[in-house]
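# what shape does this take:
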Amino acid sequence: MSDRLDVMRYLGEFDFYFKGEKESVASEEERERFEGVILESDDLLREMLERGIGDKSIRDQIDISLTIATISNVLWSFAQRVAARDSRIIRETGYRGVELIAHQVSLYIDALKENR
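Numbering: from 1, shown residues only. Predicted coordinates:
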């Protein structure tokens, strides 16, 4: 995320500007660029979850599609906020946004681990 702050800002601005079909309509090219970034990360997340379930490091009682949608939406939204307002987050929490995102990811990992 820290290596791609420009992409995070773009996604945040896209969400803000194209918040409703009645107000502004994204071009096909803009929509494809936006969805390409999101779908690529969702595909990687699906691969990680399926691999973890396969090697039994992740419990198999999860709804993969729901888990991907949840993690993806929370992390993308949070990353967009960090890209746009990291200094405010530091003032609010005392932590850099990337530290909070890393902690969020570790919480997901702990929640998904297979308890042996």
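# what packs against the host helix or strand of residue 107?
Following DSSP states H and E, one finds residue 107 within helix 97-112. Packing partners of helix 97-112 (3 or more C-beta pairs under 8 Å, 6 or more residues apart in numbering; DSSP states H and E): helix 64-93. Where C-beta positions appear, they are placed from N, C-alpha and C, glycine not excepted.
# average pLDDT for the helix it packs on?
For helix 64-93, the mean per-residue pLDDT is 87.
# how about the helix holding residue 107: buried residues?
Buried residues in helix 97-112, counted by 16 or more other C-beta atoms under 10 Å: 97, 100, 101, 112.
# list the contacts of residue 56.
Applying C-beta atoms under 8 Å, 6 or more residues apart in numbering, we find residue 56 in contact with residue 114.
# in three-state terms, how would it be classified?
Three-state call for residue 56 (DSSP: H, G, I helix; E, B strand; the rest coil): coil.
# do residue 115 as well
Three-state assignment for residue 115 (three-state DSSP): coil.
# leaving out chain neighbours, which residue sits closest to it?
Leaving aside its chain neighbours, residue 115 sits nearest to residue 59 (7.2 Å; criterion: C-beta to C-beta, 6 or more residues apart in numbering).
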